[in-house]
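J.: here is a sequence with its predicted model. Questions after.
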Amino acid sequence: MSSESSTKKLNRKEAAEKSFQKRGFRYAWYCFFKRLFDIFSSLLLLIILSWFILLCLLIKWLEDFHSPVYLSWRVGKNGKKFRIAKIRTMVPDAEERKKELIAAGLNEADPPAFKMKNDPRITRVGRFYRRFSIDELLQLFNILGGSMSVVGPRPPIPEEVEEYTEEQMHRLDVKVGLLCLWQIQPKRNKISFDEWVRLDIEYIRRQSLWLDFKIIVKGAFMVLFDHSGE
């Protein structure tokens, strides 16, 4: 075998190892059942919790008389942009204040992510909603529509993705989700962005219905009872 042929085979192997996209019959069935679960679970929860969601929207509106729904662009699988819905937890001019906070050097997360433990933009009602992830309930519509899944890497904003390295872009090899491996870690809000990416890529490599089930069960437990990550 010539050295040139060996080099081409090595390059193809390296390229395959760099891609975290899975192929094959088993993975196709996994995606099929995962999508069925996404449709069934999101539709069922929307039916059961519709009254509760409407009540939370009303309470948020009464807090400051601004729209209780927050819509923003997110980046999903393969870099495709979509609109995400949340119950608003911040002041109406949160995006403008975010730029001021970054300029003042108050970002406590590793760029390109942004996070503050005591973010002054979060309202009193919003802080309660975030504590129990109530603000995320509107994302059930995204899951039902297919732009998100119950389990998958959390959807980033376009400005963050523009700063991603090639390795970090692999977070978007699969459909983004409501729950992820990063969220069920102890002291999750103290995890660095590099570790966050590592956990997302670990999830992508290990994807299975059993792993999804464990993330859903542990994620639900942590939302209701364990706030050590705050």
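T.: Sure, I can see it. Numbers count the residues shown, from 1 in each chain.

J.: what about residue 189, distance to residue 46?
T.: Separation of residue 189 from residue 46 (CB to CB, to the nearest Å) stands at 28 Å. Bear in mind the C-beta positions are built from the backbone N, C-alpha and C, glycine included.

J.: list the helices and strands the longest helix anywhere in the chain packs on?
T.: The residue-count maximum for a helix in the chain (DSSP state H) belongs to helix 25-64. Judged by 3 or more CB pairs under 8 Å, 6 or more residues apart in numbering; DSSP states H and E, helix 25-64 is in contact with strand 81-87, helix 124-131, helix 139-145, strand 149-151, helix 209-224.

J.: next one: that helix to chain centre, how far?
T.: Centroid separation between helix 25-64 and its chain, computed with CA atoms, centre = their mean, to the nearest Å, is 14 Å.

J.: in that helix, what's buried?
T.: Of all the residues in helix 25-64, those buried under the rule 16 or more other CB atoms under 10 Å are 30, 34, 37-38, 41-42, 45-46, 53, 56-57, 60.

J.: one step back: as a markdown table, the helices and strands packed on helix 25-64 with mean neighbour count, distance to residue 199 and mean pLDDT would be great.
T.: Conversion of those to a markdown table gives the following (neighbours: other CB atoms under 10 Å; distance: least, CB to CB, whole Å; pLDDT from 0 to 100):
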| stretch | mean neighbour count | distance to residue 199 | mean pLDDT |
| --- | --- | --- | --- |
| strand 81-87 | 17 | 21 | 94 |
| helix 124-131 | 16 | 21 | 91 |
| helix 139-145 | 20 | 20 | 96 |
| strand 149-151 | 24 | 13 | 96 |
| helix 209-224 | 15 | 11 | 89 |
